[in-house]
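> this one's sequence-less:
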């Protein structure tokens, strides 16, 4: 089974969502920073590495929320605190911080949409 780490980066009551780069599968969809956990990696290490690489900021994991199953995978949402640093996007076209109630207005990717519906 594939393990997926999903970063919930929060600051001032808002969460960060990123729009996938046009060169990726399901381009133009919005998502929480998400990565596949490689064999031998912890969920936290995998997600911290991905957020730094893809968004350009270091965010320490605060706590892993209860996991849930998706099609062929187990998803591990992780709360992270978003720092004040300027973002340097590598794998996303853009990002923005939104209140949770506004997330439903976006076209979200799997597994982000599953997390929102829970």
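Ah, there it is. These numbers come from a predicted model, not from an experiment.

> you'd agree residue 51 is in a helix?
Yes. Checked against DSSP: H, G, I helix; E, B strand; the rest coil, residue 51 lies within a helix.

> gap between it and residue 7?
Computed as C-beta to C-beta, to the nearest Å, the residue 51 to residue 7 distance reads 6 Å. In this view, the C-beta of every residue, glycine as well, is placed from N, C-alpha and C.

> between those two, what contacts are shared?
Shared between the contact lists of residue 51 and residue 7 (criterion: C-beta atoms under 8 Å, 6 or more residues apart in numbering) are residues 33, 59, 80.

> can you tell me which of those are in strands?
Secondary structure from DSSP state E places residue 80 of the shared contacts of residue 51 and residue 7 in strands.

> From the shared contacts of residue 51 and residue 7, pick the one nearest residue 114.
For these, the minimum distance to residue 114 (C-beta to C-beta) is 15.4 Å, reached by residue 33.

> pLDDT score assigned to the closest one?
Residue 33 carries a pLDDT value of 95.

> Taking the centroid of this structure, which residue is nearest it?
By C-alpha atoms, centre = their mean, the mean C-alpha position of the chain lies nearest to residue 33, the distance being 2.2 Å.

> Buried ones in the helix or strand where residue 45 lies, by neighbour count?
Secondary-structure element containing residue 45, defined by DSSP states H and E: helix 43-55. Applying a neighbour-count criterion of 16 or more other C-beta atoms under 10 Å, one finds 43-44, 46-48, 50-51, 54-55 buried in helix 43-55.

> How about stretch 7-23?
Residues 7-10, 14-20 are the ones in stretch 7-23 that count as buried (16+ other C-beta under 10 Å).

> if we look at stretch 29-38, which residues are touching it?
2-9, 15-20, 43, 46-47, 49-51, 54-55, 76-77, 106-109, 111-112, 115.
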